[in-house]
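**Q** here is the input, now give the coordinates:
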Amino acid sequence: MDRPVATKERPTLKTIAFMTGLGITTVSRALKDAPDIGAETKERVRMVARQLGYQPNRAGVRLRTGKTNVIALVLGIDEEILGFSNQMVVGISEVLSGTPYHIVVTPHAHTKDPMLPVRYILETGSADGVIISRTEPDDARVRLLTEQNMPFATHGRTAMGIEHPYHDFDNETFAYEAVERLVKRGRKRIALLPPPSKLTYYQHTFDGFMRGLKAFGAEEVPLHINIDASLGQIRAAVEDLMRGPDAPDGLISSSGSAAIAANAGIEAAGKRVGVEIDLVAKQGTPILNWIRPDIIAVYEDVRQSGRELAKAVIARIDGVDPGLLQSITEPRWEQS
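**A** Take a look at the predicted model:
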C-alpha cells in the first residue's frame, strides 16, 4: 500500500497567529510595523515569522494594495571585473532586508537603447520604484519616470532642471585632487582616461581635471579612448601612447578595471608605474594596490551608494520631497 507523501505547507499569517496566540489582524499589522502595535509584540511576531520562513504572498499583496514590493535595479551587464555591480546589489539588499521590499535586477547592456528596461517596468507595472545608473545630463529615462510618477533614484546627477533623488560620487573633486597628487610627485604631462562623454560624470571629471591642470601648472596629454572601451583596447591605446614621443608622466583613470588595463599597457611599452609615470585611479573594490602598490588609489564605496539609493527610493515611495533625497560622497584616498 502506497503511503501518502508528506508536504510542507507554506506558513501563513494564520500559522503565525496560532504560534503567537495573537489575532491574524494583529499579526498582519505587526509585520507592517503599524504604530499602534507595541514593540515587544512586533519583535515576537517577527521572530516567529523568521523561524517559520514566512514570506508574504506577493500576488495577494498586489491584488489588495496595487503594490509589488519590488525595487527594480536597472544594471549594466558589460565587462566589469572588480565587483562594482555586485557591491551595488549588496548595498541595496542590506537596506531592503528590513523592509517589505525586495530587489529585482533588470540587466541592460549600455550598447542597447537605455529606454527599453524602463519602458518595460512602466508598461508591466512590475515595480514600485526604480534605481538607474549611467545618467546623462539630459536623461530621457528621468523625464519619463517623472512624467509617469514612478518613484526612482539615480546613481549620478542630471542637468535637466528636474529635481529628483540621487546619490553621486564627487568626480570633479576626484579629478582635481588627482592632478594635485601627480604634480606633487613632479609630474607635469598628464593624460585622462575618462568616462564616456555622453554621461554626466564625464563633465564633472573633465571639469575637475582641467581646473587642476590650471591650478597646478600641468598640461594635458590627449588619450583618445574612454573606460567603456574593452580592456584590450585600453591596454593597446595606453601602450601606443607610452611608446610615442608625447608620452605622459601621469595618468588618471576613472575606473579600477581600466587602470589594470592601463598598467598592462604601460608595462608593455617597457615603462613602470612609480618610475617613468604615476597612475591615479578610482576603484570600487580596494584591490589595485595588491596588483601594483605604486598606484595612487581613491576609493568609491559602491556598497554605500547602494544603501543610499535604496533609502532614497523607499523614501520617495513614501512621498518624501525629492530635494531631501540627494547626496554626494567625497573621495577617500587610499594613499597620498
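
**Q** next one: the residue nearest the centre of the chain from Leu324, what distance?
**A** Centrality entry for the chain: nearest residue to the mean C-alpha point is Met88, 4.5 Å, by C-alpha atoms, centre = their mean. Met88 sits 22 Å away from Leu324, going by C-beta to C-beta, to the nearest Å. In short, each C-beta sits where N, CA and C put it, glycine included.

**Q** for Lys112, what are phi and psi?
**A** phi -100, psi 170 (degrees, to the nearest 10).

**Q** that one - how many residues pack around it?
**A** The tally of other residues near Lys112 (other C-beta atoms under 10 Å) stands at 10.

**Q** so who does the residue nearest to Arg134 when sequence neighbours are not counted touch?
**A** Excluding its sequence neighbours, the residue lying closest to Arg134 (C-beta to C-beta, 6 or more residues apart in numbering) is Leu199, at 5.9 Å. Listed by C-beta atoms under 8 Å, 6 or more residues apart in numbering, the contact set of Leu199 reads 134-136, 156.

**Q** over to Ala262?
**A** Ala262 is in contact with 193, 234-235, 238, 251, 253, 279, 281, counting by C-beta under 8 Å, 6+ apart.

**Q** for the helix or strand where Ile131 lies, packing partners?
**A** Assigned by DSSP states H and E, Ile131 belongs to strand 129-132. Packing partners of strand 129-132 (3 or more C-beta pairs under 8 Å, 6 or more residues apart in numbering; DSSP states H and E): strand 70-76, helix 115-124, helix 140-147, strand 152-155, helix 302-317.

**Q** which of these sits most buried?
**A** strand 152-155 (a mean of 26; mean count of other C-beta atoms under 10 Å).

**Q** chain center to that one: distance?
**A** Mean-position distance between strand 152-155 and its chain equals 9 Å (C-alpha atoms, centre = their mean, to the nearest Å).

**Q** contact partners of that strand?
**A** If you take C-beta under 8 Å, 6+ apart as the criterion, strand 152-155 is touched by 88, 129-135, 139, 142, 145, 164-168, 305, 309, 312-313, 316, 325.

**Q** same thing but 7 Å
**A** Outside strand 152-155, the residues that touch it by C-beta atoms under 7 Å, 6 or more residues apart in numbering are 129-133, 135, 142, 145, 164-167, 305, 309, 312-313, 316, 325.

**Q** likewise stretch 211-227?
**A** Contact with stretch 211-227 is made by 175-176, 179-180, 183, 188-196, 233-234, 237, 241, 246, 248, 254-255, 258, as judged by C-beta under 7 Å, 6+ apart.

**Q** mind checking which of those land in helices?
**A** Among the contacts of stretch 211-227, the members found in helices (DSSP state H) are 175-176, 179-180, 183, 233-234, 237, 241, 258.

**Q** how's the chain carved up into domains?
**A** What automatic domain parsing lists as the domains of the chain is 13-55, 70-167+302-327, 171-299.

**Q** reformat these as CSV; add distance to Glu334 and mean pLDDT.
**A** Formatted as CSV, the domains of the chain follow (distance: least, C-beta to C-beta, whole Å; pLDDT from 0 to 100):
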stretch, distance to Glu334, mean pLDDT
domain 13-55, 38, 85
domain 70-167+302-327, 14, 91
domain 171-299, 4, 96
